[in-house]
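Novice: Structure of the sequence below:
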Amino acid sequence: MFKKLFKGLFVLSTLFMLNNPANAFYTDMNESHWAYQSIKFLTEVGVVVGYPDGTYKPDIPVTRAEFASMAIKALGQEDANVTQDIHFSDVDPGFWAYHIIQKAVYFDLIPDAKGERFRPFDPVTRAEAISIAVNALTTQQISEQKAQDIISKSYEDYTQMPAWFLIAAGKAQLLDLIIVMPGNEGKLESDRPANRAEVAAILYKMMQEAKLNPNAKLAECMQKRTADGYIVDNVRVQGSIGIIPAGSIFPIKLETVVGSQISNVTDIYTAKAPKNIVTKEKYLLISEGSDLKGQVKHVERAKLFKKNGEVIIKNELLVTPNDQAVMLYGVATLDPDKKNAFMTWFRKVFKGDKVLTMPGQIVNIRLLGPLKIDLTNGYIYE
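Specialist: Numbering: from 1, shown residues only. All right, here's what the predicted structure looks like:
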């Protein structure tokens, strides 16, 4: 009894937190901040972290070593095995970010300038951060003249940017990777140190583009996960992203008794994915054993000679094996069990059939909105 009560309280508290996301993150930010959604997502996937006092400090600068670390994490390559040496005069193998910078060089995010300084403690400039984001991608080639034409149309201070940044800036503008803070419209500010809010927004956009068009070395490592399971055949696959459209149906296995004669509206139920949910190409979307939670939204009591029972449940939460909790809205109508032809006719005429689903029973959920999933690691984009 106590375990059931505890589980119910946990579900309610989790649903409350997800419906009040400002309470779950940083004390110095809320949903009105222009970079909130980017920071929220990158926090969930472990790319950025806050400070011990619970703040994020969005306006302070980021060092070049810190940004290299964030970029590698954002691309999912922090565990990549790289043996290639680097040759910066101010980065030795004992430095905390040596292996991160080594990976950044290997994946062509930054050039390895032999004998030159990396300047790990200097703040990363907006030009440097944007260039690294562009380098993570496969992009179309553009001339210097075209890059200048593109940049000059949008930024009044384009003449002040360093010459080395021109091509990257043009590509970034085409890809919408140039982040401009509110109040700074029309300014490129290429040499200004990028703050933690701008860095998060740049990395978030880089992640989206890298799922579709990673550079050649990243493409070798960003393999989609595959599995056998229940196939949702109308999933749209774009690069490393799978999108399950609204209206799609997949099974869930209830862990809670739900019935027309015993359940009430707002009762909490829990469930699990009974098997892997996969695309027709067998790319893994939702892992077997993922937790689902929701509420009873509608109950019709069965009444003899008047009406059959009906229960509608609405799923609201999905918790994946990597502990990501996201809103997943779907509905299922729990009708009376199908019987033989005579009983089907009898209940149709005389009514009174009850609904009772027991733990372990499978029901089909219909998605109310699309679900966007990273096929390389299972992360879900809200």
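
Novice: In contact with residue 191, which residues?
Specialist: Contact partners of residue 191, counting by Cβ atoms under 8 Å, 6 or more residues apart in numbering, are 125, 126, 127, 160, 161, 162. The C-beta positions use only the backbone N, C-alpha and C, and glycine is treated the same way.

Novice: Could you tell me which ranges of this structure sit under the pLDDT cut-off?
Specialist: Scanning the chain for pLDDT under 70 picks out 1-24, 304-306, 335-352, 382.

Novice: Show me the helices in it, by range?
Specialist: Taking DSSP state H, the helices of the chain run over residues 2-19, 36-44, 64-74, 98-106, 126-135, 144-152, 166-174, 196-212, 216-221, 341-350.

Novice: So which elements touch the fourth one?
Specialist: Here helix 98-106 touches helix 64-74, going by 3 or more Cβ pairs under 8 Å, 6 or more residues apart in numbering; DSSP states H and E.

Novice: tell me the angle the helix it packs on makes with helix 126-135.
Specialist: Relative orientation of helix 64-74 versus helix 126-135 (axes from the mean of the first three to the mean of the last three Cα atoms, to 10 degrees): 30 degrees.

Novice: Give me the angle between helix 64-74 and helix 36-44.
Specialist: Going by the same axes, to 10 degrees, helix 64-74 makes 80 degrees with helix 36-44.

Novice: got a list of contacts for helix 64-74?
Specialist: 42, 46-48, 62, 78, 80, 95-97, 100-101, 103-104, 107, 109-110, 118-124, 128-129, 132-133, 136, 194, 199, 203-204, 206-207.

Novice: hmm, try it at 6 Å
Specialist: With contact meaning Cβ atoms under 6 Å, 6 or more residues apart in numbering, helix 64-74 is reached by 47, 78, 97, 100-101, 103-104, 109, 119-120, 122, 124, 129, 132, 203, 207.

Novice: Pull the residues that contact stretch 168-188.
Specialist: Contacts of stretch 168-188 (Cβ under 6 Å, 6+ apart): 34, 130-131, 133-134, 139, 142, 147, 150-151, 155-158, 161, 198, 201-202, 205, 209.

Novice: Just the CA trace of that stretch, in PDB.
Specialist: Coordinates of each C-alpha in stretch 168-188 appear next as PDB, following Å, rounded to 0.1, in the frame of the first residue of the first chain:
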ATOM      1  CA  ALA A 168      32.100  31.000 -42.000                       C
ATOM      2  CA  ALA A 169      29.900  34.000 -41.300                       C
ATOM      3  CA  GLY A 170      28.200  33.700 -44.700                       C
ATOM      4  CA  LYS A 171      27.600  30.000 -44.300                       C
ATOM      5  CA  ALA A 172      26.300  30.600 -40.700                       C
ATOM      6  CA  GLN A 173      23.900  33.300 -41.900                       C
ATOM      7  CA  LEU A 174      22.500  30.900 -44.500                       C
ATOM      8  CA  LEU A 175      22.000  28.200 -41.800                       C
ATOM      9  CA  ASP A 176      20.600  30.700 -39.300                       C
ATOM     10  CA  LEU A 177      23.500  30.000 -36.900                       C
ATOM     11  CA  ILE A 178      24.200  33.600 -36.100                       C
ATOM     12  CA  ILE A 179      22.600  34.400 -32.800                       C
ATOM     13  CA  VAL A 180      21.700  38.000 -32.100                       C
ATOM     14  CA  MET A 181      20.600  38.900 -28.600                       C
ATOM     15  CA  PRO A 182      17.400  41.100 -28.200                       C
ATOM     16  CA  GLY A 183      18.400  44.700 -28.400                       C
ATOM     17  CA  ASN A 184      21.500  44.000 -30.600                       C
ATOM     18  CA  GLU A 185      19.600  43.600 -33.900                       C
ATOM     19  CA  GLY A 186      21.700  44.300 -37.000                       C
ATOM     20  CA  LYS A 187      25.000  43.800 -35.100                       C
ATOM     21  CA  LEU A 188      27.400  40.900 -35.800                       C
END
